[in-house]
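Q: dropping a prediction and its sequence here:
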Amino acid sequence: MDDFPIDRIVRSRRRTIALVITPDARLIVRAPHRVPAAMIDEMIREKSGWIRKKLAEMRERPQVTVHHYEEGEIFLFLGRSYPLHFTGDGRGMIERTDRLCVCQTLRHDIRRRLKVWYVEEARKEIHARCMWFSLTTGYVPASIRITDARERWGSCTHKGGLNFSWRLVQAPLEIVDYVIVHELVHIRQHDHSKKFWAKVKEVMPDYERRRKWLRENERLLRI
């Protein structure tokens, strides 16, 4: 029998065990607080075929892009590519035109400043889209937070608060919308049962295509 090393076990108030294969081919287990280790081991044994298949898929995909923050390097925003361009503008700003323009004075702290910019842009874009879908579905989040999560694009708390990774804003808008709808539906349906997916499809009939894009291209969004 395969021995799959678990990279991390994340315990929370969730009700079921979930196995996650990350883009860099690591196995992460999400489990309820009181679930014993033996039950997790049993789940891994039962899902060994699926785990083997997903690990192989991830290992065959190109490696995650490593940014060096140099002139002309490509950064994504809502699915569009923007070459990084350093300007002599002394206002200390980051602006998006046909390029991602960064003031030369920010260059020494470029990694952190670009992250701050992405977080702020994600907050505006995701909040607006979330409010739109909330109005059309009637699913009202208790709160909306932008996080630094690396393994999860979105999540829903037991109190109905929604969390979204700022990295999601790199994806095309239709993919952002899919993740938002996914989490909004979790406010009413907490698991991933047939009932859950039926509700997602009711709101977004082509969700499977969007979900497939995210699975296949998520490595492009890991900065």
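A: Nice, thanks for sending it over. Numbers count the residues shown, from 1 in each chain.

Q: so residue 164 versus residue 44, what's the distance?
A: According to CB to CB, to the nearest Å, residue 164 stands 29 Å off from residue 44. Bear in mind the C-beta positions are built from the backbone N, C-alpha and C, glycine included.

Q: neighbour count: these two, which is higher?
A: Using other CB atoms under 10 Å, the more surrounded residue of residue 164 and residue 44 is residue 164, with 27 against 20.

Q: quick one: contacts of the host helix or strand of the more buried one?
A: Assigned by DSSP states H and E, residue 164 belongs to strand 161-165. When contacts are defined by CB atoms under 8 Å, 6 or more residues apart in numbering, strand 161-165 is touched by residues 122, 126, 130, 141-150, 152-157, 179-180, 183-184, 187.

Q: shaky segments in the protein?
A: Residues of the chain meeting the criterion pLDDT under 70: 1-2, 61-64, 90.

Q: for the residue nearest the centre of it, list the residues it contacts.
A: By CA atoms, centre = their mean, the mean C-alpha position of the chain lies nearest to residue 153, the distance being 1.9 Å. If you count contacts by CB under 8 Å, 6+ apart, residue 153 has them with 164, 165, 167, 168, 179, 214, 218.

Q: repeat that for residue 104.
A: Taking CB under 8 Å, 6+ apart, one finds 86, 87, 88, 89 in contact with residue 104.

Q: and it, how far is that from residue 32?
A: Residue 104 is 50 Å from residue 32, by CB to CB.

Q: and what of residue 215?
A: As defined by CB to CB, residue 215 lies at a distance of 25 Å from residue 32.

Q: ok, residue 154 next?
A: Taken as CB to CB, the span from residue 154 to residue 32 is 20 Å.

Q: looking at the two, which has the bigger crowd around it?
A: Counting neighbours by other CB under 10 Å for residue 154 and for residue 32 shows that residue 154 has the greater number, 22 against 13.

Q: residues contacting the closest residue to the more buried one other than its chain neighbours?
A: Nearest residue to residue 154, sequence neighbours excluded (CB to CB, 6 or more residues apart in numbering): residue 183, at 4.3 Å. Contacts for residue 183 (CB under 8 Å, 6+ apart) come out as 141, 154, 155, 156, 162, 163, 164.

Q: now the nearest residue to residue 93 once chain neighbours are set aside: phi and psi?
A: Distance criterion CB to CB, 6+ apart; nearest residue to residue 93, sequence neighbours excluded, is residue 103 at 5.6 Å. Backbone torsions of residue 103, given as degrees, to the nearest 10, read phi -60, psi 140.

Q: wait, residue 103 touches residue 109, no?
A: No. Taking contacts as CB atoms under 8 Å, residue 103 lies outside contact range of residue 109: 10.8 Å.

Q: walk me through the domains of the chain.
A: 6-60, 112-221 (automatic domain parsing).

Q: and the strands in this structure?
A: Counting by DSSP state E, the chain has strands at residues 6-12, 18-21, 27-32, 74-77, 80-87, 94-96, 100-103, 143-147, 154-156, 161-165.
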